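**Student:** Would you be able to build a 3D model of this:
(one chain, ligands or ions: 1)
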Amino acid sequence: MKFPDRDPELKCKEEPPMATRSVEEKNLVGEAIAMPSPLTDLTSMADLTPAMAAGLLELAALVKARPAEFRQALAGKQIVLFFEKPSFRTRLTFESGIYSLGGHAMFVDQLTSRIGEREPISDMAHNLERWVDALVLRTFAHSTVTGLAEYSSIPVINALSDYEHPCQALADFLTLQEKFGDLTKVHLTYVGDGNNVAHSLMLAAALFGSHITVGTPKGYEPQAGVLELARKIAAGTGATIQVVNDPVAAVQGADAVYTDVWASMGQEAETLERARIFHAFRVTPELYAHAAEGAVFMHCLPAHRGEEVEAAVIDSPASVVFDQAENRLHVQKAILLQLLGGAARRQPARSF
Ligand code: CP
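**Tutor:** Sure thing, here's the model as predicted:
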């Protein structure tokens with residue numbers, strides 16, 4: 001382990017959120033954004049303190065506004081991507097992001113054999129730490145991500161496991177910040193399966209002091225341990241975390257309505273059963289009408305129109321799904337910069 005487990009509540013009290021200044025203000029002084037404490041891996045949203053999470057969004061906004069200043073920030077860095085599941089957005093945003101920072105990406109297709117099958121994860125970790133600078137992992141088992149993080153001395157990034165999808169949640173909260181400003185005033189509702197995306201959104205809401213309601217059918221709620229951890233973090237940030245089983249109550253007054261596919265990768269055999277169970281939780285114009293005036297619609301994609309969301313909602317002007325997808329790129333660049341020390345290698349544009 002690179003650092004011991006910590007008490008998130010204690011950290012919240014120790015580290016107040018960073019003072020926020022605009023990207024333009026930061027650029028005037030050519031200031032590099034520095035985290036208040038080191039980040040060694042991103043296996044879970046819970047690896048972050050509230051201040052670290054706020055700092056990542058600040059850095060992502062700066063990278064988004066001024067990409068040219070980070071063109072050489074990861075020069076000489078080699079990053080390997082191991083993916084056990086298919087991906088469109090995650091693979092391409094990591095590869096594009098790494099190259100645009102001057103680094104080199106290597107993709108290893110693990111679709112036909114899982115990591116750790118051919119040799120122990122600890123042996124893989126001790127090989128990889130001698131060859132490359134960071135690992136990006138998309139896995140079935142979350143223990144594969146935490147195992148490689150435990151045994152290797154290089155940073156490990158969770159690009160989706162069965163437990164969490166932290167890169168997605170950070171991009172989603174950057175999108176909410178762009179749309180609404182102060183995240184402590186935002187009420188996000190997630191309806192559908194209490195899956196990895198729901199877990200990361202709950203933890204992210206807790207870290208950012210936001211208000212989240214998760215609406216699921218009975219038996220499909222998020223894991224109790226995640227709810228407990230999110231509420232523990234929320235106690236220090238003012239966030240609220242609710243889990244309900246009524247889709248209308250969940251959506252009532254929400255600033256953002258979020259959903260995901262009902263059967264995640266690996267659950268395809270349950271597709272028909274889940275379609276019946278989740279029917280009342282599909283985001284129709286009628287359900288969406290219970291959200292607040294000006295509410296946005298969110299989805300991590302890929303989406304199944306006619307299943308978890310109707311085209312009239314996802315293809316409406318209220319939909320911010322492509323902003324979310326774009327922000328995957330900027331947030332992941334910020335994560336890489338932070339983990340590999342690249343923010344300090346920013347070359348601010350001169351102002352005359
Ligand atoms: N949202 C997301 O992770 O997309 P991909 O599965 O296409 O990477």
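
**Student:** Quick one: classify Q242 as helix, strand or coil.
**Tutor:** The three-state label given to Q242 by DSSP: H, G, I helix; E, B strand; the rest coil is strand.

**Student:** is it in a bridge, and if so with what?
**Tutor:** T213 (DSSP bridges).

**Student:** That one: neighbouring residues, count only.
**Tutor:** 16 (other Cβ atoms under 10 Å). C-beta here means a position set from N, CA and C on the backbone, and glycine is covered the same way.

**Student:** That one and T216 touch, don't they?
**Tutor:** No. Q242 lies out of contact with T216 (Cβ atoms under 8 Å); the separation is 11.4 Å.

**Student:** where does I241 sit relative to F208, distance-wise?
**Tutor:** Here the criterion is Cβ to Cβ, to the nearest Å. By it, I241 lies 12 Å from F208.

**Student:** between those two, which one's more packed in?
**Tutor:** Set side by side, I241 and F208 show more neighbours around F208, with 29 against 24, by other Cβ under 10 Å.

**Student:** What values do phi and psi take at the nearest residue to that one once chain neighbours are set aside?
**Tutor:** Leaving aside its chain neighbours, F208 sits nearest to L183 (4.2 Å; criterion: Cβ to Cβ, 6 or more residues apart in numbering). Note on L183: backbone dihedrals following degrees, to the nearest 10 are phi -70, psi -20.

**Student:** wait, L183 sits on D172?
**Tutor:** No. Here L183 does not reach D172: they are 10.9 Å apart, not a contact under Cβ under 8 Å.

**Student:** These two: which has the busier surroundings?
**Tutor:** More neighbours surround D172 than the other of L183 and D172, with 29 against 24 (other Cβ under 10 Å).

**Student:** which element is the more buried one on?
**Tutor:** helix 166-180 (DSSP states H and E).

**Student:** And that helix, how far out from the chain middle?
**Tutor:** 8 Å (Cα atoms, centre = their mean, to the nearest Å).

**Student:** rewinding a little: shared neighbours, I241 and F208?
**Tutor:** The contact sets of I241 and F208 do not overlap (Cβ atoms under 8 Å, 6 or more residues apart in numbering).

**Student:** and M45, what is it in contact with?
**Tutor:** A53, E164, P166, A169, L170, S200, L203, A204, L207.

**Student:** can you pick the most crowded of the residues you listed?
**Tutor:** L207 (32 neighbours).

**Student:** Tell me the residues of the stretch 1-150 of the chain that contact the ligand?
**Tutor:** Counting by Cβ under 6 Å from any ligand atom, the residues of the stretch 1-150 of the chain lying close to the ligand are S87, F88, R89, T90.

**Student:** On the pLDDT front, check the third one for me.
**Tutor:** In the predicted model, R89 carries a pLDDT score of 98.

**Student:** Next, the contact list for it, please.
**Tutor:** L301, A325, R328.

**Student:** rerun at 10 Å
**Tutor:** A159, C167, Q168, A171, C300, L301, P302, Q324, A325, E326, R328, L329 (Cβ atoms under 10 Å, 6 or more residues apart in numbering).

**Student:** Grab the nearest non-local neighbour of the last one.
**Tutor:** Looking back up the chat, that one is L329. T93 (4.3 Å).

**Student:** Kindly report the same for the fourth one.
**Tutor:** Counting by Cβ to Cβ, 6+ apart, A171 lies nearest to N327, which is 4.0 Å off, once chain neighbours are set aside.

**Student:** tally of neighbours for the closest residue to T284 other than its chain neighbours?
**Tutor:** Spatially, and ignoring its direct neighbours in sequence, T284 is nearest to E310 (5.1 Å; Cβ to Cβ, 6+ apart). Neighbours of E310 under the rule other Cβ under 10 Å: 18.
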